[in-house]
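A.B. asks: Model the structure of this input:
(chains A and B)
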Amino acid sequence: MSRYFTEDHEWIDVDGDVGTVGISDYAQGALGDIVFVDVPEEGRELSKGDEAAVVESVKAASDVYAPVSGTVVEGNAQLADEPALVNSDPEGEGWFFKITLSDASELDALMDEAAYAAFVAKL
Amino acid sequence: MSDTADLNVEDAPEGQEIIQTLPLDAWHRARGGRMVPFACYEMPVQYEGIMAEHLWTRESAGLFDVSHMGQVVFTGENGLGPVITALEKVLPGDITGLGSAKNRYSLLLNEEGGILDDLMVTKRTLDGAEELYMVVNGATKYDDIAYLLDFVPDDATLNLLDEQALLALQGPKAVDALSRIVPGVEALVFMTAADFTWNDVPLWISRSGYTGEDGYEISIPAEHAAAFADRLCEQAEVKPIGLGARDSLRLEAGLPLYGHDLDPETTPVMADLGFALAKKRREAADFLGAERILAERENGPAVKRVGLTVAGRQPVREGASVVAEDGSVIGRVTSGGFAPSMGAPIAMAYVPTALATPGTALKLLQRGKTHDATVTAMPFVPHRYVRSGAK
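C.D. replies: Next up is the predicted model:
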């Protein structure tokens, strides 16, 4: 399984043709205390770059974009009751949604863990 | 991921983009404050996190740096009387009848009775001279001064105390922490003030604040502010608190924020700040906009500021619309967010007076999504001011 990152601070873990998407540890730190998450419903078709989810901290609302194109197979229902999971475990239990990839070649434009770490270090 | 609605940190008036630093700038950074531009200053939005800081202030004591606010002093060659008479033209409070060292909340009015600023005013005697001490908002202070200079008599002097820092210590344990360092402050009651000294440093302290909690506001020469803030934070009850929690605390307390919940198009009656219109002044009707303001008071304003509790968990923020069943816009949200002490989203909005009664169900529209809301009496979280007797 490999993990990719976007410049907008989403991550995607790819296992076969299904990807799991969330926001990075850097992103949750920048947002602060997360109080609400709206995840996409199963069956929703997303193109790369579409607004896929909403995350709200005490101070701000932010959009989460689809890092790849595909069809949503599951939203993380746990985040409705426990949005703070995004703060405590952003790259694990705090995942947002799962998506079947319609074009795996879109992953080529994303960063790997090392490239993302270097990207964040410059911010 | 990108921000679509950020904390209100872009309050710089047009043409005033130069960002200044606070006397405690280095102090904030050393303590991990995340600095953002606000009211032309770099200010700490948070240290450990807004939620934790908010809850800490409600249960213990939080230290806020509010040195961006304008501390203004008026004196008069022929005494304070003529100065106050002139100021009462633009302030609808009974400043003449205000006792020495008592704080009064008031509103700076324009010709139409609109609100140019909200402020605190105190009559005080320092070094034998009587003066009027006023604290105004940071983003409006230069405009306020220019405006006020047009009204005060020629023999009056107006000084902006830009060499004074202003700290607020807020929370139920503020009295314990501050009285340990500055004995005597426990004898003050809500909305009274006095001068004190700390290590020979003169302090002007009032028992007041912007969180709904008991607490103090402390004016101190800027060069001593860092040492005093250090001394406060040595007390087990005290942690530094950023602007983010200041905003959520004042929202829960139902206190309006100038530039958001109050503006020049809004009158004191629309803003539900009728308590700031002194009876004596209403009877005299001798302040700017009195005719309109008194008519609104008599007949009800077209719109009124209300508190809203929002269904669900998603915050509805400034800029959202209040909509009727048919989708037409009938009001606007002027402040909103997640209330840490309540675990729910709340807001302030202007709505038609007929819909301003607590319990009224309303619909809010934000980024294409409709939210149910209920008009709720403010404060959302009860005030815990200390109104009489020393502890």
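A.B. asks: I figured residue B:318 hits residue B:334, correct?
C.D. replies: Yes - here residue B:318 reaches residue B:334: they are 5.8 Å apart, a contact under C-beta atoms under 8 Å. Yep, even glycine has a C-beta here, placed from its N, CA and C like the rest.
A.B. asks: Common neighbours of the two, please.
C.D. replies: residue B:260 (C-beta atoms under 8 Å, 6 or more residues apart in numbering or on different chains).
A.B. asks: got a pLDDT number for the most centrally placed residue in chain A?
C.D. replies: Centroid-nearest residue in chain A, with C-alpha atoms, centre = their mean: residue A:22, separated by 2.5 Å. On pLDDT, residue A:22 comes in at 98.
A.B. asks: again with residue B:390
C.D. replies: We have a pLDDT of 50 for residue B:390.
A.B. asks: So for residue B:318 and residue B:334, which sits in the more crowded spot?
C.D. replies: Neighbours per residue, other C-beta atoms under 10 Å in any protein chain shown: of residue B:318 and residue B:334, the larger number sits with residue B:334, 23 against 19.
A.B. asks: residues contacting that one?
C.D. replies: The contact partners of residue B:334, taken as C-beta under 8 Å, 6+ apart, are B:256, B:260-261, B:305, B:318, B:348-350.
A.B. asks: hmm, back to that, need the nearest residue in space to the residue nearest to the centre of chain A, chain neighbours excluded.
C.D. replies: residue A:95 (4.2 Å; C-beta to C-beta, 6 or more residues apart in numbering or on different chains).
A.B. asks: Kindly report the same for residue B:114.
C.D. replies: Leaving aside its sequence neighbours, residue B:114 sits nearest to residue B:264 (C-beta to C-beta, 6+ apart; 4.1 Å).
A.B. asks: do residue B:206 as well
C.D. replies: Nearest one to residue B:206, counting by C-beta to C-beta, 6+ apart, is residue B:193 at 3.5 Å.
A.B. asks: Could you count how many residues lie near the one you found?
C.D. replies: Residue B:193: 23 surrounding residues under other C-beta under 10 Å.
A.B. asks: Run through the bridge partners of residue B:158.
C.D. replies: Beta bridges link residue B:158 to residue B:74, judged by DSSP bridges.
A.B. asks: how far away is it from residue A:29?
C.D. replies: Residue B:158 is 45 Å from residue A:29, where distance means C-beta to C-beta, to the nearest Å.
A.B. asks: Verify the stated contact: residue B:160 with residue B:146.
C.D. replies: No - Residue B:160 is beyond contact range of residue B:146, at 11.2 Å (criterion: C-beta under 8 Å).
A.B. asks: More neighbours: those two, which one.
C.D. replies: Between residue B:160 and residue B:146, counted using other C-beta under 10 Å, the more crowded position is residue B:160 (15 against 9).
A.B. asks: so who does the more buried one touch?
C.D. replies: Contacts of residue B:160 (C-beta under 8 Å, 6+ apart): B:70-72, B:141, B:145.
A.B. asks: give me the subset of the residues you listed touching chain A.
C.D. replies: Among those, no residue is within reach of chain A (C-beta under 8 Å from any C-beta of the partner chain).
A.B. asks: Can you name the residues in contact with the lengthiest helix in chain A?
C.D. replies: Looking across chain A with DSSP state H, the single longest helix is helix A:113-121. With C-beta under 8 Å, 6+ apart as the test, helix A:113-121 has contacts from A:3, A:5, A:7, A:11, A:24, A:26, A:111.
A.B. asks: Tell me the one of those nearest chain B?
C.D. replies: Chain B lies nearest to residue A:24 out of the contacts of helix A:113-121, by C-beta to the nearest C-beta, at 8.6 Å.
A.B. asks: does residue B:313 sit in a helix, a strand or a coil?
C.D. replies: Assigned by DSSP: H, G, I helix; E, B strand; the rest coil, the conformation of residue B:313 is coil.
A.B. asks: my guess is it meets residue A:38, correct?
C.D. replies: No - in this structure residue B:313 lies outside contact range of residue A:38 using C-beta under 8 Å: 9.6 Å.
A.B. asks: Have a look at these two and say which one is more surrounded.
C.D. replies: Between residue B:313 and residue A:38, counted using other C-beta under 10 Å, the more crowded position is residue A:38 (20 against 17).
A.B. asks: Just confirm that one contacts residue A:61, I think it does.
C.D. replies: No - counting by C-beta under 8 Å, residue A:38 does not reach residue A:61; the two are 9.7 Å apart.
A.B. asks: what's the overlap in contacts for the two?
C.D. replies: Common neighbours of residue A:38 and residue A:61 (criterion: C-beta under 8 Å, 6+ apart): A:54-55.
A.B. asks: how about the strands of chain A, start to end?
C.D. replies: When assigned using DSSP state E, the strands of chain A occupy the ranges A:2-5, A:10-15, A:18-23, A:34-38, A:45-46, A:51-57, A:61-65, A:70-75, A:97-101.
A.B. asks: err, the stretch 201-350 of chain B, not the other one
C.D. replies: Under the criterion DSSP state E, counting those that start in this stretch, the stretch 201-350 of chain B contains strands at B:201-206, B:215-221, B:238-240, B:303-310, B:321-323, B:329-339, B:344-352.
A.B. asks: Export the ones you listed to TSV and append columns for distance to residue B:170.
C.D. replies: Converted to TSV, those look like this (distance: least, C-beta to C-beta, whole Å):
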stretch	distance to residue B:170
strand B:201-206	12
strand B:215-221	4
strand B:238-240	10
strand B:303-310	20
strand B:321-323	31
strand B:329-339	16
strand B:344-352	19
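A.B. asks: how about TSV for those strands, with mean pLDDT and distance to residue A:84 added?
C.D. replies: TSV is the format used below for the strands of the stretch 201-350 of chain B (pLDDT from 0 to 100; distance: least, C-beta to C-beta, whole Å):
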stretch	mean pLDDT	distance to residue A:84
strand B:201-206	98	37
strand B:215-221	98	28
strand B:238-240	98	20
strand B:303-310	98	19
strand B:321-323	98	29
strand B:329-339	98	12
strand B:344-352	98	15
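A.B. asks: Near the closest residue in space to residue B:170 that isn't next to it in sequence, how many other residues are there?
C.D. replies: Take residue B:170 and drop its neighbours on the chain: the residue closest to it by C-beta to C-beta, 6+ apart is residue B:215, 3.5 Å away. Residue B:215 has 30 neighbouring residues, counting by other C-beta under 10 Å.
A.B. asks: cool, and the one 5 residues further on?
C.D. replies: The tally of other residues near residue B:220 (other C-beta under 10 Å) stands at 23.
A.B. asks: The one 3 residues further on now?
C.D. replies: Other residues lying near residue B:223 total 11 when counted by other C-beta under 10 Å.
A.B. asks: Tell me if residue B:51 really is in a helix.
C.D. replies: Yes - under three-state DSSP, residue B:51 sits within a helix.
A.B. asks: Confirm for me that it is in contact with residue B:340.
C.D. replies: Yes - if you go by C-beta under 8 Å, residue B:51 and residue B:340 touch, sitting 5.0 Å apart.
A.B. asks: Touching both of those two, which residues are there?
C.D. replies: Counting by C-beta under 8 Å, 6+ apart, the common neighbours of residue B:51 and residue B:340 are A:33, A:58.
A.B. asks: which ones are touching the residue nearest to residue B:206?
C.D. replies: Neighbours of residue B:193 in contact, by C-beta under 8 Å, 6+ apart: B:101-103, B:122, B:124, B:204-208.
A.B. asks: Local confidence estimate at the residue nearest to residue A:22?
C.D. replies: pLDDT recorded at residue A:95 is 98.
A.B. asks: before we move on, the earlier item: between the contacts of residue B:193, which sits nearest residue B:173?
C.D. replies: residue B:207 (14.1 Å; C-beta to C-beta).
A.B. asks: Now do the contacts for that closest one.
C.D. replies: Taking C-beta under 8 Å, 6+ apart, we find residue B:207 in contact with B:185, B:188-193, B:214-216, B:386.
A.B. asks: repeat that for 6 Å
C.D. replies: Contact analysis of residue B:207 by C-beta atoms under 6 Å, 6 or more residues apart in numbering or on different chains lists B:188, B:190, B:216.
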